[in-house]
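Q: Test case, fold it:
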Amino acid sequence: MASVEATAVIGKSVQIRGEVKGNEDLIVEGLLEGTITLNEHKLTVGANARVTANVTARDVVVQGTLQGDIHAAGRVELRTGCHMNGDIRAARLSVEDNAIFSGKVELDGTAAAEAGKGGMGAHPPASAVPATPPSPLFGAN
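A: Just a heads-up that it's a prediction; the model follows:
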């Protein structure tokens, strides 16, 4: 029997102030202020949602407005039209065109290790790129 992942939804007319913890994926469409902890699950901030919270989750997708810090073990996606104000610490980050972001980004060492294994979009660190030697002076042979 295949297990079905449960997803909880906070509707657009719902307002929550406080601490939200869960063991399933969560979609927020309404107003949420406080903290969100979904250690092994995904948080989606819907296009009309207004979230003021520090977030800890496996993956986070922001389509609406989020003010607060994000700590994700996996991937953070800032989608077109979102407004994100806060710091991001994650293994991977995706920012689409027309996403508005203000804050700092820290990609965990796990992301660098995956990139070193030839993951998609991997770029060598600047220290690994050989420097171009200076050109000889004009007329020097």
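Q: partners of the helix or strand where Leu26 lies in the sheet?
A: Assigned by DSSP states H and E, Leu26 belongs to strand 25-28. Partners of strand 25-28 in the sheet, by DSSP bridges, are strand 7-10 (parallel), strand 31-45 (parallel).
Q: and of those strands, who's closest to Val61?
A: strand 31-45 (4.6 Å; CB to CB). Just so you know, the C-beta spots here come from the backbone N, C-alpha and C atoms, and that holds for glycine as well.
Q: who are the neighbours in contact with the closest residue to Phe101 other than its chain neighbours?
A: In this structure, Phe101 finds its nearest non-sequential neighbour in Met84, 4.7 Å apart by CB to CB, 6 or more residues apart in numbering. Applying CB atoms under 8 Å, 6 or more residues apart in numbering, we find Met84 in contact with 62, 65-67, 70, 78, 99-103.
Q: next one: Gly18
A: Counting by CB under 8 Å, 6+ apart, Gly18 has contacts 33-34.
Q: Next: Ile88.
A: By CB under 8 Å, 6+ apart, the neighbours of Ile88 are 69-70, 72, 76, 103-106.
Q: Can you add distance to Arg50 and secondary structure and give those back as JSON lines?
A: Below are the contacts of Ile88 laid out as JSON lines (distance: CB to CB, whole Å; DSSP: H, G, I helix; E, B strand; the rest coil):
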{"residue": "Asp69", "distance to Arg50": "16", "secondary structure": "coil"}
{"residue": "Ile70", "distance to Arg50": "16", "secondary structure": "strand"}
{"residue": "Ala72", "distance to Arg50": "20", "secondary structure": "strand"}
{"residue": "Val76", "distance to Arg50": "18", "secondary structure": "strand"}
{"residue": "Gly103", "distance to Arg50": "17", "secondary structure": "coil"}
{"residue": "Lys104", "distance to Arg50": "22", "secondary structure": "coil"}
{"residue": "Val105", "distance to Arg50": "22", "secondary structure": "strand"}
{"residue": "Glu106", "distance to Arg50": "25", "secondary structure": "strand"}
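Q: Quick one: the strands in this structure, in order.
A: 7-10, 15-21, 25-28, 31-45, 50-62, 65-67, 70-72, 75-78, 83-85, 88-90, 92-95, 100-102, 105-107 (DSSP state E).
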